[in-house]
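*Asks:* Just the structure for this:
(one chain, ligands or ions: 2)
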Amino acid sequence: MAEAIISGFIQSEKLAKEQIITANQCNQERLSELKNKYGIEAVTKDQLDYTTIDVFILAMKPKDIDGVLEDLRDKITADQLLISVLAGISTSYMEENLNDGQQVIRVMPNTSSMIQESATAISPGRHVSMDQVLLAKEMMKCIGEAYLIDEDKMDIYTGIAGSGPAYFYNLMEHVENVGHQAGLDRELVREIGAQTLFGAAKMILEQEETPKELREKITSPNGTTAAGLDALNAYGGGLAIIEAVKSAASRSKELSKESEKQLVFQK
Ligand SMILES: NC(=O)C1=CN([C@@H]2O[C@H](COP(=O)(O)OP(=O)(O)OC[C@H]3O[C@@H](n4cnc5c(N)ncnc54)[C@H](OP(=O)(O)O)[C@@H]3O)[C@@H](O)[C@H]2O)C=CC1
Ligand SMILES: O=C(O)[C@@H]1CCC=N1
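*Replies:* Ligands and ions are numbered 1, 2, ... in the order given. Presented below is the predicted three-dimensional model:
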């Protein structure tokens with residue numbers, strides 16, 4: 001995820017390469033790869049000079065958050081902004097584990113950040129100034145669209161947009177397989193599927209009609225689309241997508257509860 005964000009930042013040209021430093025724990029090979037690919041500074045976390053950094057973007061796995069916050073607590077000051085992309089880790093959890101007044105923002109991007117097409121949610125913590133919210137929004141707009149949302153909607157947002165690309169990729173895997181089995185070249189059917197998905201997404205974004213209206217326009221009575229949609233519904237297509245979003249949202253909620261439990265335990 002960190003690489004996707006870096007890639008979007010660089011392409012946006014709003015941030016100079018010299019303004020971006022990436023850090024990991026110890027994987028030197030990965031650091032060299034990022035350094036060569038993006039021309040940015042890439043160091044292990046122990047080599048970071050924390051005092052020179054205005055905005056930290058945390059992008060490790062949620063399970064690693066405790067060690068990270070403990071490490072950061074005494075190295076950063078309240079005016080340094082912390083942006084977290086970690087699924088299921090609340091701003092209050094981070095605030096409780098950092099020094100009083102620490103500015104923290106939770107965001108939920110997706111991997112389309114890589115090509116500046118993320119749909120990123122932003123939820124500020126309690127101590128963040130309006131200037132820092134605007135800065136975070138500007139930064140997230142470098143990697144796609146950005147939306148300010150209430151943090152209590154972050155789980156469902158994660159189910160829709162954080163995990164969302166994976167549902168569409170999975171759908172495309174099936175389209176590719178069925179097209180290939182029917183004799184189309186695999187690469188060709190991949191491109192056809194992607195162009196179809198892209199065109200449909202663009203129609204929703206650029207036309208006035210709702211997805212329902214757009215669907216109805218394609219569906220002639222007793223035609224091919226009606227036959228396709230009947231099969232889709234008979235095999236639970238709609239339900240499957242509803243359940244996918246709900247399950248991802250519920251896992252996000254579970255991750256929050258797990259970290260909150262640890263917080264109570266620590267107190
Ligand atoms: N993948 C996605 O589509 C999305 C992911 N997210 C969130 O992004 C986060 C990262 O996911 P993902 O990119 O898949 O994870 P990865 O495991 O691919 O990457 C995690 C990175 O964090 C580094 N890291 C771990 N601990 C530290 C530390 N203490 N200090 C500095 N760096 C550290 C790791 O470095 P090292 O190898 O050296 O340990 C590694 O480079 C997750 O919290 C996830 O919830 C959010 C939205 C979408
Ligand atoms: O699967 C995950 O946990 C992360 C969070 C959102 C997308 N991927």
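*Asks:* residues making contact with stretch 61-80?
*Replies:* 45, 50, 53-56, 58, 60, 82, 84, 86-89, 93-94, 97-103, 127, 255, 259, 262 (C-beta atoms under 8 Å, 6 or more residues apart in numbering). Every C-beta, even on glycine, is put in place using the N, C-alpha and C of the backbone.
*Asks:* Briefly note if it comes near ligand 1.
*Replies:* Yes: contact of stretch 61-80 with ligand 1 (C-beta under 6 Å from any ligand atom) involves 61, 62, 64, 67, 68.
*Asks:* Would you mind listing which of these are buried?
*Replies:* Listed as buried from the residues of stretch 61-80 next to ligand 1 are 62, 68; burial here means 16 or more other C-beta atoms under 10 Å.
*Asks:* now for the residues of stretch 61-80 next to ligand 1, which pair is the farthest apart?
*Replies:* 62 and 67 (11.8 Å; C-beta to C-beta).
*Asks:* picking that back up, got the residues of stretch 61-80 next to ligand 1 as JSON lines, with pLDDT and secondary structure columns?
*Replies:* Formatted as JSON lines, the residues of stretch 61-80 next to ligand 1 follow (pLDDT from 0 to 100; DSSP: H, G, I helix; E, B strand; the rest coil):
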{"residue": "61", "pLDDT": "96", "secondary structure": "coil"}
{"residue": "62", "pLDDT": "94", "secondary structure": "helix"}
{"residue": "64", "pLDDT": "94", "secondary structure": "helix"}
{"residue": "67", "pLDDT": "95", "secondary structure": "helix"}
{"residue": "68", "pLDDT": "96", "secondary structure": "helix"}
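*Asks:* helices or strands next to the helix or strand of the chain with the lowest mean pLDDT in the packing?
*Replies:* Lowest mean confidence among the helices and strands of the chain (mean pLDDT, DSSP states H and E): helix 237-266, at a mean of 87. Contacting helix 237-266 under the criterion 3 or more C-beta pairs under 8 Å, 6 or more residues apart in numbering; DSSP states H and E are the following elements: helix 91-96, helix 154-157, helix 164-181.
*Asks:* most tightly surrounded among those?
*Replies:* helix 154-157 (a mean of 22; mean count of other C-beta atoms under 10 Å).
*Asks:* Could you look up the SS state of the residue located most distally from the centre of the chain?
*Replies:* Going by C-alpha atoms, centre = their mean, the residue of the chain most distant from its centre is residue 222, 40.0 Å out. Per DSSP: H, G, I helix; E, B strand; the rest coil, the local secondary structure of residue 222 is coil.
*Asks:* Tell me the pLDDT of it.
*Replies:* Note for residue 222: predicted pLDDT of 98.
*Asks:* tell me the contacts of the nearest residue to residue 28 once chain neighbours are set aside?
*Replies:* Nearest residue to residue 28, sequence neighbours excluded (C-beta to C-beta, 6 or more residues apart in numbering): residue 44, at 7.6 Å. By C-beta under 8 Å, 6+ apart, the contact set of residue 44 is 23, 24, 25, 26, 28, 31.
*Asks:* quick one: the first one is in a strand?
*Replies:* Yes: Residue 23: assigned to a strand according to three-state DSSP.
*Asks:* Next one, pLDDT for the residue nearest to it when sequence neighbours are not counted please.
*Replies:* With sequence-adjacent residues excluded and distances taken as C-beta to C-beta, 6+ apart, residue 23 is closest to residue 45, at 4.7 Å. For residue 45, the pLDDT comes out at 96.
*Asks:* On the three-state scheme, the residue lying closest to residue 251 once chain neighbours are set aside is what?
*Replies:* Nearest residue to residue 251, sequence neighbours excluded (C-beta to C-beta, 6+ apart): residue 88, at 7.6 Å. The three-state label given to residue 88 by three-state DSSP is coil.
*Asks:* Which pLDDT value belongs to residue 88?
*Replies:* For residue 88, pLDDT reads 94.
*Asks:* which residues touch the host helix or strand of residue 105?
*Replies:* Here residue 105 is covered by strand 104-108, with elements defined by DSSP states H and E. When contacts are defined by C-beta under 8 Å, 6+ apart, strand 104-108 is touched by residues 81-87, 89-91, 94-95, 98, 120-125, 127-128, 132-133, 136, 140, 151, 154, 157-158, 161-162.
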